[in-house]
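*Asks:* I'll drop the sequence and a predicted model, then ask my questions.
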Amino acid sequence: VRHGQRIIDKEKVEIERTALALLRQKDLYDVLLQSNKAVLRIVDRDELFATVCRVAVEYGRFRFAWIGLIDNDDQWLKPVARYGEDAGYIDQLDVSGDGARALMRGLTTRMLLSGAYVVSNDFLNDPERAPWHEAARRAGVRASAKFPIREGGAVVGAINLYAGEPGFFTEELVAMLEEMANNVSFALANYARETARKRAEEALAKSEKRYRSLFENMLHGFAYCRMLFEDNRPQDFIYLEVNIAFEKLTGLKNVVGKRVTEVIPGIRETHPELFETYGRVALTGQPERFELYFKPLESWLSINVYSTGEGCFVAIFDNITERKQTEQALHDYARRLRGVSRRLFAVEETERRNINRELHDRIGQSLSALNINLNIIRSQLPQESLHVVGARFQDTQMLLEGTAAHIRDIMANLHPPALDDFGLLAALRIYADSSGARTAVTITVHGEDLTPRLSLAVETALFRIAQEALTNAVNHARVRNIGVRLG
C-alpha cells in the first residue's frame, strides 16, 4: 500500500509540475503576445514602456518591473516607467549599499558594459548582490534580470524584471524576454525614424510655407512652364504654375495646365524669338536675361529665365513699360536739346559772322579813313603848327592804330576769316600765333589738313573747343609751352 501511495504521490507531483510548466508556457506566450501587440499598436515611447512593464507583471507573474534609460549627464540608468509593488526598491537603487563600489558590482553595470542581458536567479544568496539584499527582502525579490534596449545599435536603456522565487528565469523565459527586449528596441528605432520623418515633414512644411508666401507675395510675375519640342525645336510650352503677380501684370487668368498658344493666340508668329530663347534655356540650362516689347499686351517686359531641368523653365518678369516710356521721353528730350543746341550754335555763329562783317565793313573802314584823314591834315599843317600839335597827332594815330588792332582781334575771336577761307588747321595756327604773341606762351599746332574737309559747322565747333582749351591752359595752367595736334 505504501509503495502504491508513493507511486501515486510521485505521479501527482509530476502532474503538478507538468501543469505548472504548461502554465508558465502560457504566461510566456501571453507576455510575448501582449508586448508584441503593444509594439505594433502604440506610437508613443513612454506609453510603450509603461505597457511593457504592466504586461510583464500582469501576464508574466513578476513582482514588479521597470524600464530605465541612460541619463546623458551621468551616464547612469534612470527609471522612466514602472509597474508593480516594489516597496521602494527602485527609488533606492542609486543610493543603497556601499556607494560607487557597490554600484560597480551591480547587474546594471555588467549589463551596460557587456551589452548583453544579465540574470541573478538566487538573488539573496548571491554575494555580489549583498548591498541590495535587505531592500530585496522587503520587496520580496528572489531573482532578477536585466535586458538591454538598443537604439541605432547602441545600448540606451534596459528592461528590469524581478521575481518572487529563486530559479524563476529559465532558459526558455530568458529567450522570450530577450526577444521582447529586441522588439522594444525595434519599436524605438521606428519611433526615431518616425520622429525624424515628422521633423523632416515639419521642416518641409515650414519651407513650403515660406516659399508659398514668397511666391504669392513677390511683386514680379512668376511662371513655371514645361517646354514642348518637335525634332528638338521649341514649338509650345505649358503653364505649370503661376503666381498672383503674373495675373496682375498680364491680366491673364486660369492659365495653369494650358498651352501658351491657347492662352495667347498668334504668339508663336508674333514672338518666335521668345520660343527660341525659352527653348534654348530649357535645353542648355544656361540662364538668360532680356527685355522685350510684348505686342499682345502692348507692354515692355524685363524677363529673367532659367532652367529647372527636364525640359522645364521658370520665367520671372516685370512690366517695365513705364520705365521704357520714361527712357524714351528722356531720349527724345536729349535729342530735342541737341537740336536746340545745334540751332543755337548755328545762330550764334551766324551772329558772330554778321558782327565780324559789320566790324570789317563799317568800323574797320571808318578807322582806316580816319587814319588817312589824319595823315592828310598832318601834311597840310604849317611847320610851326606841326611843332605845337605834332606830338598830339602822333598819339592820336597810335591810339587809332591800337583800336584798329583791337578790332581785328575781336573780329578774329568772333569768327576767324581763315576758317572759312583756308580751313581748321590754318585757323588754329593763326589763332595760336596771335594768342602766343599776346600772352608770351609758345603755342605750336601740329597736323595736316583733313581730306576731305569737314563741314563748316563741325570745323567751327572744333575750333571753339580748341579756343576754349587754349584759353583755360594759358589762364590757369601757368605753362610756357602748349602743343595742339590735329589728326
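*Replies:* Done, it's in. These figures come from a predicted structure and were not determined experimentally. Residues are numbered from 1 along each chain as shown.
*Asks:* Got phi/psi on the closest residue to residue 194 other than its chain neighbours?
*Replies:* With sequence-adjacent residues excluded and distances taken as C-beta to C-beta, 6 or more residues apart in numbering, residue 194 is closest to residue 43, at 7.2 Å. All C-beta spots, glycine's among them, are computed from the backbone N, C-alpha and C. Taking degrees, to the nearest 10, you get phi -110, psi 0 for the backbone angles of residue 43.
*Asks:* and if you look at residue 85?
*Replies:* phi -90, psi 110.
*Asks:* For it, give its distance to residue 62.
*Replies:* 11 Å (C-beta to C-beta, to the nearest Å).
*Asks:* Neighbour count: these two, which is higher?
*Replies:* Taking other C-beta atoms under 10 Å, residue 85 and residue 62 do not tie; residue 62 has more neighbours (26 against 11).
*Asks:* could you measure that one against residue 146, distance?
*Replies:* Taking C-beta to C-beta, one finds residue 62 at 13 Å from residue 146.
*Asks:* joint contacts of those two?
*Replies:* residue 161 (C-beta atoms under 8 Å, 6 or more residues apart in numbering).
*Asks:* still on that earlier bit, burial count for the residue nearest to residue 194?
*Replies:* Residues near residue 43, counting by other C-beta under 10 Å, number 11.
*Asks:* Please apply the same query to residue 67.
*Replies:* Neighbour number of residue 67 under other C-beta under 10 Å is 26.
*Asks:* can you confirm it is in a strand?
*Replies:* Yes: according to DSSP: H, G, I helix; E, B strand; the rest coil, residue 67 belongs to a strand.
*Asks:* Which residue or residues pair with it through a beta bridge?
*Replies:* residue 81, residue 159 (DSSP bridges).
*Asks:* Which residues are in contact with residue 216?
*Replies:* 243, 244.
*Asks:* What of residue 92?
*Replies:* residue 135.
*Asks:* in stretch 461-476, what counts as buried?
*Replies:* For stretch 461-476, a neighbour-count test (16 or more other C-beta atoms under 10 Å) marks 462, 463, 466, 467, 470, 474 as buried.
*Asks:* Dump these to JSON lines, plus pLDDT and distance to residue 279.
*Replies:* Formatted as JSON lines, the buried residues of stretch 461-476 follow (pLDDT from 0 to 100; distance: C-beta to C-beta, whole Å):
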{"residue": "462", "pLDDT": "88", "distance to residue 279": "51"}
{"residue": "463", "pLDDT": "86", "distance to residue 279": "56"}
{"residue": "466", "pLDDT": "88", "distance to residue 279": "55"}
{"residue": "467", "pLDDT": "85", "distance to residue 279": "59"}
{"residue": "470", "pLDDT": "88", "distance to residue 279": "60"}
{"residue": "474", "pLDDT": "86", "distance to residue 279": "64"}
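*Asks:* Quick check: phi and psi at residue 306.
*Replies:* phi -140, psi 160.
*Asks:* What of the one 5 residues further on?
*Replies:* Its backbone dihedrals place residue 311 at phi 70, psi 10, with angles given as degrees, to the nearest 10.
*Asks:* And the strands in this structure?
*Replies:* For the chain, the strands defined by DSSP state E occupy 64-70, 77-84, 118-120, 143-151, 154-163, 221-230, 233-242, 288-294, 299-309, 312-319, 442-447, 481-486.
*Asks:* how about those, which one is nearest residue 36?
*Replies:* strand 154-163 (14.4 Å; C-beta to C-beta).
*Asks:* Show me what the closest one is packed up against.
*Replies:* If you count contacts as 3 or more C-beta pairs under 8 Å, 6 or more residues apart in numbering; DSSP states H and E, strand 154-163 packs onto helix 45-60, strand 64-70, strand 77-84, helix 107-114, strand 143-151, helix 171-217.
*Asks:* Report the angle between the third one and strand 143-151.
*Replies:* So that's strand 77-84. Using axes from the mean of the first three to the mean of the last three C-alpha atoms, to 10 degrees, the inter-axis angle of strand 77-84 relative to strand 143-151 is 120 degrees.
*Asks:* now for strand 77-84, which elements pack on it?
*Replies:* Against strand 77-84 (3+ C-beta pairs under 8 Å, 6+ apart) you get helix 45-60, strand 64-70, strand 154-163.
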